[in-house]
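Participant: Generate a structure from the sequence data that follows.
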Amino acid sequence: MDLHKPIKGAGTIYKTYYKRLEKLAINTFEDFLYHIPFRYEDYSIISKISHVQIGEIVTVQGTVVDIKNEYTKKGKKLQKAKIQDDTGSIDVVWFNQPFILNIIRKGDRISLSGKIDWYIHTLVMQSPVYEIINNSPTIHTGRLVPVYPETNGVSSKWLRRQIYNIIKENKQNLLEYLPYSIIKDNGLLGLKESIEQIHFPNTLEDSIKSKQRLEFDELFFLQLAAMKRRFEWEKKLIGHPLSISKFKKNIEEFWANLPFTLTNAQKKAVREIFTDLAGKKPMNRLLEGDVGSGKTVVSAIAMYLAHLNDYQSVVMAPTEILAQQHYDTISNLLSPFGVKVALLTGSKKSSKYQVVSSKYKSKEKILNTKYILHNTDILVGTHAVLSKKVNFDNLGLVVIDEQQRFGVEQRAIIRQKGKNPHLLSMTATPIPRTIALTMYGDLDLSYLDEMPKGRKYIKTWLVSSEKRNAAYEWIEKQITETKSQAFIICPFIEESESMQSVKAATKEFEELTKNIFPQFKLGLLHGKLKAKEKGKVLQDFRDKKSDILVATPVVEVGIDIPNATIILIEASERFGLAQLHQLRGRVGRGEKQSYCLLFTESSNEQTLKRLKAMETMHVGAELAELDLRLRGPGEIYGTTQHGIRQLKVASFSDFALIEKTKKTAEKIFPKLSEYPLLQEKLKNITIKNISPD
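Facilitator: Numbers count the residues shown, from 1 in each chain. All right, here's what the predicted structure looks like:
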């Protein structure tokens, strides 16, 4: 069996199951092996029937001497069997499972695991796990039994059988790829033993040791893949060094005309970027900073330097809202210096652009693509800039905002529109540094961990359900007295049957409009609206035609409303701290004091402690680090956050292992060619995108 073969075309049974398995990230046969149990049922005590006692969880094995359907006094159907071994017999009952009689027959040797109960004056096993005993070892009973993450139509029992068969058929294919020195120095189990023991351990200690080996592998290959990407970037690419000294006066003039003073963090980032731009290798840098920390300004300075060196720049943003915001900011900063900026988004016709002329006035023209690109210094846009029609004369700098929202291919396409252009990626997603250094080891990192001078902290309060009405009264007073505006954020667009207690935007909009804030004008924004509808709702809010905007987390990135001073977040416990922090960043963008109200119905002590941290912590990376410790990496970013790679076995909170695997990868990478099996494994992992792309 080829472990890398997609299961989609592997036979009738997988044609039925592959769509379900995709939900579990199982796409190849190898993925089954790395679908790790999250716990084990201990059915390892095998007892003689005469020795069992009420309340015990045991396994009994014997012969089926009778099995039949019966009815209870209330008319319910049950299946009853009698199992006998050399010490006695015991009754077994299942409820409403008539199919069992097609599986278990009189005379079968059977193994049953479950709890011994008292039923109608006798000891019985109620609804135990069962399997017919044949020449193979038992896998569902009589041992530590793995329990897996499941999805609708895919049970642990079904997964167990597939995984057992795949391991059995592929023992010879599980070749050890780690050098012996790494295994020895780190006290690791061998690969084959680890795969077998993580799924079907002899003891819990064996499962722990197996998991340690697989955790090491996962983080080690993340580090190795990042080093490989960096090596290939630096080896193959010859960049275009930009002159800085030649344009020193121009840059000083630009800085002098800024309407604000750069923070020390911004100045440091600019120095790092300029050093890269002046180098022989193309820049490959990630600029991370909180919402409002000034990333766009830093990128604009880099684009101005590119312009002075006769190179064009392109800015790619994930949404039209964000692209428009960048266009406005960059135009305001650079058009006074003769820089021509154009905007291209999917909702505009292919030949329609907003152009800032050298006379510093914004105007819209119907012009052909070729003319625009010949006469544009900076093109700002969405995915539309990836179009085959968009080609540059001399592209020298690519800026990708919220870069984790773009895939590998998209980033490659935009870079190919120039000849080895410099690349500056940006993100406002608060990523703990330990994760950033692991996921983006191929990038140079710059952090904006300082907010612009004069920016007030957003006062944040956790609001209990009994204070809801008082909070509404306070919001009404604030909007009336200060003429400011408010966001109200709901986790979902529409009400869900399974989550009726969670506020939904559409229903909450109706309730707030009719009963809570009838005196105010409200707007509604969510992901199902068409781009034109979203634009109108936002423009009305920006123009102060509406006082309150009820929205889903679609406002998380790219909406800049300086007059909005309040954000109320419903069901705040459903969000990670990093996402709450980004939502909070929708306010506090003007001169007025701003506020964030976190509503929750939860009474869980840990949940309240986690949310309380928002009242005193104001740095995104610190909040993300705290959430990493409290909730684990799988829940840091909330359900709507994209691009953060989920590990299958390891944890980003295991800082010691991250450091250990990094040092190991640094030692082995220069000698990688000496280990062909390791190289092959790395190649296969890279193809499956072990990188955060």
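
Participant: where along the stretch 551-693 of the chain do the helices fall?
Facilitator: Assigned by DSSP state H, counting those that start in this stretch, the stretch 551-693 of the chain shows helices spanning 577-584, 605-616, 620-631, 655-668, 676-687.

Participant: And these: which comes nearest Ile57?
Facilitator: helix 605-616 (29.6 Å; C-beta to C-beta). The way it works is simple: take the backbone N, C-alpha and C, and place the C-beta from them, glycine included.

Participant: Which residues does that closest one contact?
Facilitator: Outside of helix 605-616, the residues that reach it under the criterion C-beta atoms under 8 Å, 6 or more residues apart in numbering are 460-462, 572-573, 577, 580-581, 584, 596, 598, 600, 602, 623, 626-627, 630-631.

Participant: Kindly recompute the last result at 6 Å.
Facilitator: Contacts with helix 605-616, where a contact means C-beta atoms under 6 Å, 6 or more residues apart in numbering, come from Thr460, Leu462, Ser572, Glu573, Leu580, Leu598, Leu626, Leu630.

Participant: Now for those, which sits with the most neighbours around it?
Facilitator: Each of these was scored for neighbours by other C-beta atoms under 10 Å, and Leu580 scores highest at 30 neighbours.

Participant: how far away is that residue from Glu625?
Facilitator: Counting by C-beta to C-beta, to the nearest Å, the gap from Leu580 to Glu625 is 14 Å.

Participant: And Gln223, by the same measure?
Facilitator: For Gln223, the distance to Glu625 - C-beta to C-beta - is 20 Å.

Participant: before we move on, the earlier item: export the helices of the stretch 551-693 of the chain as TSV, with columns for mean pLDDT and distance to Asp540.
Facilitator: Output for the helices of the stretch 551-693 of the chain, formatted as TSV (pLDDT from 0 to 100; distance: least, C-beta to C-beta, whole Å):
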stretch	mean pLDDT	distance to Asp540
helix 577-584	87	21
helix 605-616	91	29
helix 620-631	76	29
helix 655-668	90	47
helix 676-687	85	47
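
Participant: out of the ones you listed, which comes closest to Pro432?
Facilitator: helix 620-631 (4.3 Å).

Participant: which residues of the stretch 401-550 of the chain fall in helices?
Facilitator: Ranges of helices within the stretch 401-550 of the chain are 408-415, 433-439, 468-482, 505-511, 531-542, based on DSSP H, counting those that start in this stretch.

Participant: Using PDB, write out every CA atom in the third one.
Facilitator: Listed in PDB are the C-alpha atoms of helix 468-482, where the atom choice follows Å, rounded to 0.1, in the frame of the first residue of the first chain:
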ATOM      1  CA  ARG A 468     -27.000  44.100  30.800                       C
ATOM      2  CA  ASN A 469     -29.700  46.700  31.100                       C
ATOM      3  CA  ALA A 470     -27.500  49.200  32.900                       C
ATOM      4  CA  ALA A 471     -24.900  48.700  30.100                       C
ATOM      5  CA  TYR A 472     -27.500  49.600  27.500                       C
ATOM      6  CA  GLU A 473     -28.500  52.700  29.400                       C
ATOM      7  CA  TRP A 474     -24.800  53.700  29.700                       C
ATOM      8  CA  ILE A 475     -24.400  53.200  25.900                       C
ATOM      9  CA  GLU A 476     -27.400  55.300  25.200                       C
ATOM     10  CA  LYS A 477     -26.100  58.100  27.300                       C
ATOM     11  CA  GLN A 478     -22.600  58.000  25.700                       C
ATOM     12  CA  ILE A 479     -23.900  58.100  22.200                       C
ATOM     13  CA  THR A 480     -26.300  61.000  23.000                       C
ATOM     14  CA  GLU A 481     -23.900  63.100  25.000                       C
ATOM     15  CA  THR A 482     -20.600  62.600  23.000                       C
END
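
Participant: List of residues touching it?
Facilitator: Applying C-beta under 6 Å, 6+ apart, the contact partners of helix 468-482 are Val463, Ala486, Ile516, Asp547, Ile566, Leu597.

Participant: Give me the mean pLDDT for that helix.
Facilitator: The average pLDDT within helix 468-482 is 95.

Participant: Ok, the second one next?
Facilitator: The average of the pLDDT scores along helix 433-439 is 71.

Participant: Pull out the CA atoms of it and give them to me as PDB.
Facilitator: Output for helix 433-439, consisting of C-alpha atoms alone and laid out as PDB, is shown next (Å, rounded to 0.1, in the frame of the first residue of the first chain):
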ATOM      1  CA  ARG A 433       6.400  34.800  19.500                       C
ATOM      2  CA  THR A 434       7.000  31.100  20.100                       C
ATOM      3  CA  ILE A 435       4.500  30.300  17.400                       C
ATOM      4  CA  ALA A 436       5.700  33.000  15.000                       C
ATOM      5  CA  LEU A 437       9.300  31.800  15.300                       C
ATOM      6  CA  THR A 438       8.300  28.200  14.600                       C
ATOM      7  CA  MET A 439       5.700  28.800  11.800                       C
END
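
Participant: That one packs against which elements?
Facilitator: If contacts are counted by 3 or more C-beta pairs under 6 Å, 6 or more residues apart in numbering; DSSP states H and E, helix 433-439 sits against helix 655-668.

Participant: List the buried residues for the helix it packs on?
Facilitator: Along helix 655-668, these residues count as buried under the neighbour rule (16 or more other C-beta atoms under 10 Å): Phe655, Leu657, Ile658, Lys660, Thr661, Lys662, Thr664, Ala665, Ile668.

Participant: Show me where the stretch 251-400 of the chain has its helices.
Facilitator: With DSSP H, counting those that start in this stretch, the ranges of helices along the stretch 251-400 of the chain come out as 264-277, 295-308, 320-334, 369-374.

Participant: right, I mislabeled it, should have said the stretch 101-250 of the chain
Facilitator: With DSSP H, counting those that start in this stretch, the ranges of helices along the stretch 101-250 of the chain come out as 156-169, 180-185, 191-199, 204-236, 248-256.
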